[in-house]
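Peer 1: Pasting the sequence and the predicted coordinates here, then a few questions.
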Amino acid sequence: MDNYKLICHKCGKEYALGNYSLCPECGGILTLEYTDEYLKEVLKEDRVHQSMWDYHQLLPPVKEENRVSFQEGGTPLLKSREIGPEIGVENLYFKNETCNPTGSFKDRAVSVCISMAKEYGCAGVVVSSSGNGGASVSAYGVKGNMNPVILIPEKTPLSKVAQAIAYGGRVIKVKGNFSQAYHAAIDLAKRMNYMNVTTTFLSPYGIEGYKTIAFEIYEQLGKVPDFIFIPVGAGPALYGIYKAYEELKRAGKTDRLPKVIGVQAKGCDPIAKAWESGQKVQACKNPETVASAISDPLVGYEQDGDLTIEAIHRTSGRALAIEDEETLQAGLCLARTEGIFAEPSSAITLAALKQMKNQGLIKEEDVCVCTLTGHGLKDSQAYAAGKTEVEIIAYGDEIRI
Ligand SMILES: *Cc1c(COP(=O)(O)O)cnc(C)c1O
Ligand SMILES: [Zn+2]
């Protein structure tokens with residue numbers, strides 16, 4: 001398998017593919033790297049792919065019988081009919097990842113990870129997530145007979161994990177906060193030969209799934225956009241999208257990368273802060289934002305944020321943070337003008353685009369893509385905040401219009 005290897009971003013050590021999490025030598029982040037020759041060969045022809053596994057040559061190698069898939073990917077790229085013209089961005093597109101099987105783009109990473117867990121004969125899979133990652137792992141884990149365990153912080157409201165419960169995975173509360181659940185997942189994976197599929201940089205394979213978002217955008221647009229806006233928790237999604245364009249470049253398909261814009265919420269923005277200050281990432285102490293899917297304080301894995309910043313730098317992009325109010329406005333605007341119901345953690349990309357346009361950082365003709373990562377139904381309460389009552393009438397009362 002000379003076409004692939006895992007490389008540590010901290011010590012540079014290389015590994016053949018296997019059930020690795022972080023670098024066994026130094027704890028650094030591992031990513032999967034292909035040779036230039038291989039990328040050139042695989043990406044030689046332009047063709048349109050229907051769903052994620054059509055890109056199997058650009059994903060880690062998995063025997064077909066081990067693929068656990070619900071036909072994730074192949075999501076629409078919609079050209080904005082109203083918002084773009086209104087804000088003066090002629091070529092504004094929405095990559096509608098809400099169309100994925102469980103309602104978020106996490107399905108791409110999770111499908112790859114669960115398949116790899118089967119490939120390596122793991123006894124099961126574990127994830128620490130009370131949100132989209134947990135729902136996705138529950139769905140794919142059950143489908144793949146991989147006994148999924150979803151570890152959530154003690155205080156998580158049951159409504160947040162209802163979807164994960166519905167898919168049939170084993171949801172367990174861990175006393176304490178997110179950090180305890182995170183470490184409990186690491187321990188369980190070690191003790192039971194489970195694969196830890198937590199969607200941080202803990203797995204080198206999930207990122208490969210995220211890459212396919214960018215490959216699809218490349219095919220759907222027929223070119224590389226000028227800007228691509230991505231909501232950022234820890235950053236694997238952003239890293240995957242960056243990595244795809246890097247691979248297209250190495251294969252000779254493009255000579256430039258889009259400027260990748262990492263978007264965080266003001267209430268939890270360790271990466272945006274570090275971007276501004278030029279310092280290393282410091283964990284966020286008390287996260288508080290409506291953008292719950294990207295409210296990742298990075299406690300104990302600050303290095304994830306540093307790698308994300310490195311990727312942004314390589315594209316001459318930037319990181320920024322958005323106020324909740326603007327995020328909610330953007331979400332309502334998407335719903336009411338384009339008919340897309342996206343969760344606040346996704347709508348935040350549109351708020352970021354508007355802000356940068358207002359600051360004169362985006363030209364009218366720039367091609368911009370906002371990645372809408374998760375469905376609004378995941379978190380519909382967020383949009384009803386402050387609205388405590390709905391009008392009520394009795395049958396027979398006249399409804400005043
Ligand atoms: C997980 C998630 C993100 C952020 O992804 P990271 O890879 O952690 O940066 C963004 N949006 C939604 C809806 C998510 O579920
Ligand atoms: Zn290392």
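Peer 2: Looks like it came in fine. Numbers count the residues shown, from 1 in each chain. Ligands and ions are numbered 1, 2, ... in the order given.
Peer 1: Could you tell me the phi and psi values at the residue in the stretch 251-400 of the chain that ligand 2 sits nearest to?
Peer 2: Using C-beta to the ion, the closest approach of the stretch 251-400 of the chain to ligand 2 is made by Q303 at 10.9 Å. For the C-beta atoms, the positions are set from N, CA and C on the backbone; glycine is no exception. Backbone torsions for Q303, taken as degrees, to the nearest 10, come to phi -60, psi -20.
Peer 1: Would you check how far apart the residue lying closest to it once chain neighbours are set aside and ligand 2 are?
Peer 2: Computed as C-beta to C-beta, 6 or more residues apart in numbering, the closest residue to Q303 that is not its neighbour in sequence is I29, at 6.3 Å. Shown here: I29 relative to ligand 2, a distance of 9 Å by C-beta to the ion, to the nearest Å.
Peer 1: Pull the contacting residues for I29.
Peer 2: Listed by C-beta atoms under 8 Å, 6 or more residues apart in numbering, the contact set of I29 reads C8, H9, K10, L22, C23, F201, P204, Q303, D304, L307.
Peer 1: and the last one, how many neighbours?
Peer 2: Same thing as L307. Using other C-beta atoms under 10 Å, L307 has 21 other residues around it.
Peer 1: In contact with it, which residues?
Peer 2: H9, I29, F201, G235, Y239.
Peer 1: Mind doing that once more with 6 Å?
Peer 2: By C-beta atoms under 6 Å, 6 or more residues apart in numbering, the contact set of L307 is H9, I29.
Peer 1: any idea of the mean pLDDT for the helix or strand hosting it?
Peer 2: If you go by DSSP states H and E, L307 is part of helix 302-314. For helix 302-314, mean pLDDT is 98.
Peer 1: contacting residues around the helix or strand following it?
Peer 2: Past helix 302-314, further along toward the C-terminus, the next helix or strand under DSSP H and E is strand 318-322. For strand 318-322, the external contacting residues (C-beta under 6 Å, 6+ apart) are I261, G262, Q264, K266, D269, I271, A272, W275, I312, I348, A351, A352.
Peer 1: so can I have TSV of those residues showing neighbour count and distance to K40?
Peer 2: TSV is the format used below for the contacts of strand 318-322 (neighbours: other C-beta atoms under 10 Å; distance: C-beta to C-beta, whole Å):
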residue	neighbour count	distance to K40
I261	28	29
G262	31	29
Q264	30	36
K266	18	43
D269	24	39
I271	31	33
A272	23	36
W275	23	33
I312	24	26
I348	36	36
A351	27	39
A352	27	34
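Peer 1: among those, which are in strands?
Peer 2: I261, G262, Q264 (DSSP state E).
Peer 1: I'd like those residues laid out as a markdown table, including distance to ligand 1.
Peer 2: Below are these laid out as a markdown table (distance: C-beta to the nearest ligand atom, whole Å):
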| residue | distance to ligand 1 |
| --- | --- |
| I261 | 13 |
| G262 | 8 |
| Q264 | 9 |
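Peer 1: re earlier: so how far is L221 from the residue nearest to Q303?
Peer 2: 30 Å (C-beta to C-beta, to the nearest Å).
Peer 1: Give me the phi and psi for the nearest residue in space to G374 that is not next to it in sequence.
Peer 2: Take G374 and drop its neighbours on the chain: the residue closest to it by C-beta to C-beta, 6+ apart is S104, 3.9 Å away. The phi and psi values for S104, taken as degrees, to the nearest 10, are phi -150, psi 160.
Peer 1: swap in T156?
Peer 2: phi -60, psi 130.
Peer 1: Contacts only, for it.
Peer 2: Counting by C-beta under 6 Å, 6+ apart, T156 has contacts S130.
Peer 1: Please report the distance of it from ligand 2.
Peer 2: 33 Å.
Peer 1: Tell me, what's the model's pLDDT at that residue?
Peer 2: Reported pLDDT for T156: 89.
Peer 1: cool, and L78?
Peer 2: pLDDT, L78: 98.
Peer 1: Which parts of the stretch 251-400 of the chain are helices?
Peer 2: Per DSSP state H, counting those that start in this stretch, the stretch 251-400 of the chain carries helices over the ranges 270-277, 302-314, 324-333, 344-358, 381-384.
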